[in-house]
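# need coordinates for the below:
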Amino acid sequence: MVLSKRWSLVWTMVPKLEYKDTRKEGDKSVWCLLDKSLQLHKATVIESLHIQVERQFCDDADVGKCVSYAVDHKVRELALILPSQPKILQLPSNVYTSKTLVKLTLSCRTLVVDVPSLPCLPSLLTLVLLNVVYKDQNSHVRLLSNCPALRHLEVQRNKSDNVTRFIVKVPSLKSFTYMQIDERAARSFVLDSPGLRCLTLGDPYGDLDSIQNMPHLEWATVCHFLPYPNDNKFLRSFSSVRILWLTLTEAVAIRFQDLPISWNKPSSVPVCLLSHLEIFVWTEFGGKRQEREFVAYILANSKCLKTVRTSPSYYLKKKEKEKKMEEFKSMYRVSASSQLLLCTKQDMWI
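This is a model prediction of the structure:
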């Protein structure tokens, strides 16, 4: 790339920097360009630095130096989206004490989150941690507890993640996305964020019994297969929601066809069913006893229900699908005005 003298001067003052190298092969690396461009950069403030690389680094790549430069220049948004590397990567310590960072995105399987004893990110509103590794069991706790303004958190975990008990206690948090598909039973998840309004939880095999204190939750999507959580406590955690999407049986149909679905009737009806729930969707209805009991309980106690959508299990034959849909249709609905829609899986969300 060649720039005229006029534009070369303008380029050194741009506040938003984005470097992307999507090539899978090649000798030249974006890091050489990045290092030279930062040396020539003259802006006193860097509004954002976004680095995305899809192949392993060369030996002279200095990620820490680039990140440290951006933090020293009061960067507000920082994103590192990197592939796994042959050596461990660490962020410079000034990242964890930045007073200007508003959004931080980290994605790399060999990036170690090594939080110092006294971190402080007073302006951080959005934190995205995708497939990173933590130095110890409390690194993420120290990080989250020192983000007093944090409103949006996204966490995606993989098998390299060494934390066995992931704790999220952030009073200021408004939206939270948590995804982890590791089948190791030793992992557990603790959520205690009273200000939370939106929750997306994809933890098919984890321990979800420690979800609590969400009085303002309005919207939740939950994907959980086995083992099932303590049902009474689990449902009560979502008693304030207006929209609740539950995926509880699909994995049973796909991977555990001989195992029964476990569900126990709560001792009292959750408030969300009595006074909030308006739309109920159940995909892949197979008609097993526990499925029927669960659906019957929802329909019999949801007084504000307006719409019910369901589709038969993909694994049933045509006549069996028709039979199961008739069973669903015959269930008592306390909300007599509610509309029942029997759909195929393809038009469930139309």
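# buried sites along stretch 136-155?
Buried positions in stretch 136-155, judged by neighbour count with 16 or more other Cβ atoms under 10 Å: 139-147, 150-155. Yep, even glycine has a C-beta here, placed from its N, CA and C like the rest.
# of these, which belong to strands?
If you go by DSSP state E, the buried residues of stretch 136-155 have 152-155 in strands.
# give me the low-pLDDT residue ranges for this protein?
1-11, 24-31, 57-61, 182-186, 205-206, 208-209, 225-235, 248-263, 344-350 (pLDDT under 70).
# which residues in it form helices?
Counting by DSSP state H, the chain has helices at residues 5-11, 30-40, 63-72, 139-145, 231-236, 250-255, 271-275, 289-301, 318-329.
# measure stretch 170-188 end to end?
Using Cα to Cα, to the nearest Å, the end-to-end distance of stretch 170-188 comes to 17 Å.
# now it, how far from the chain's geometric center?
When distances are taken as Cα atoms, centre = their mean, to the nearest Å, stretch 170-188 is centred 7 Å away from the chain's centroid.
# swap in stretch 62-81?
How far stretch 62-81 lies from its chain's middle: 24 Å, per Cα atoms, centre = their mean.
# same check on stretch 277-286?
Centre-to-centre, stretch 277-286 and its host chain are 22 Å apart (Cα atoms, centre = their mean).
# tell me the domain ranges of this structure?
For the chain, automatic domain parsing gives the domain ranges 1-131, 277-350.
# looking at those, which is nearest to F176?
Between F176 and the domains of the chain, the shortest separation by Cβ to Cβ is 10.2 Å, and it involves domain 1-131.
# distance to W219 added to the domains of the chain, as CSV?
As requested, the domains of the chain are arranged in CSV below (distance: least, Cβ to Cβ, whole Å):
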stretch, distance to W219
domain 1-131, 18
domain 277-350, 12
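# mind putting these into TSV with mean neighbour count and distance to T177?
Formatted as TSV, the domains of the chain follow (neighbours: other Cβ atoms under 10 Å; distance: least, Cβ to Cβ, whole Å):
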stretch	mean neighbour count	distance to T177
domain 1-131	16	9
domain 277-350	16	20
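# roughly how far apart are V71 and K65?
Separation of V71 from K65 (Cβ to Cβ, to the nearest Å) stands at 11 Å.
# residues shared between the contacts of these two?
The contact sets of V71 and K65 overlap at P92 (Cβ atoms under 8 Å, 6 or more residues apart in numbering).
# show me where the stretch 201-350 of the chain has strands.
Counting by DSSP state E, counting those that start in this stretch, the stretch 201-350 of the chain has strands at residues 207-212, 219-223, 243-247, 279-285, 307-312, 339-342.
# what separation do you get for Y297 and T221?
Taking Cβ to Cβ, one finds Y297 at 20 Å from T221.
# no wait, L78
Per Cβ to Cβ, L78 is found 28 Å from T221.
# do S160 as well
To T221, S160 is 25 Å away according to Cβ to Cβ.
# mind checking which of these two has more residues around it?
Taking other Cβ atoms under 10 Å, S160 and T221 do not tie; T221 has more neighbours (15 against 12).
# identify the bridge partners of that one.
The partner list for T221 in beta bridges (DSSP bridges) reads T200, W245.
# shouldn't it be in contact with L199?
Yes - assessed by Cβ atoms under 8 Å, T221 is found in contact with L199 at 7.3 Å.
# tell me the contacts of P148?
Counted by Cβ under 8 Å, 6+ apart, P148 has contacts 122, 172.
# show me what contacts the nearest residue in space to L121 that is not next to it in sequence?
Leaving aside its chain neighbours, L121 sits nearest to C147 (4.9 Å; criterion: Cβ to Cβ, 6 or more residues apart in numbering). By Cβ under 8 Å, 6+ apart, the contact list for C147 reads 121, 124, 127, 170, 172.
# which ones among those lie within strands?
Within the contacts of C147, residues falling in strands by DSSP E are L127.
# quick revisit: show me the one of the domains of the chain that comes nearest I181.
Nearest of the domains of the chain (Cβ to Cβ): domain 1-131, 11.2 Å.
# you'd agree R309 is up against S338?
No - R309 is beyond contact range of S338, at 10.9 Å (criterion: Cβ under 8 Å).
# what's the overlap in contacts for those two?
Overlap of the contact sets of R309 and S338 (by Cβ under 8 Å, 6+ apart) is empty.
# contacts only, for L129.
Applying Cβ under 8 Å, 6+ apart, we find L129 in contact with 106, 113, 140, 154-156.
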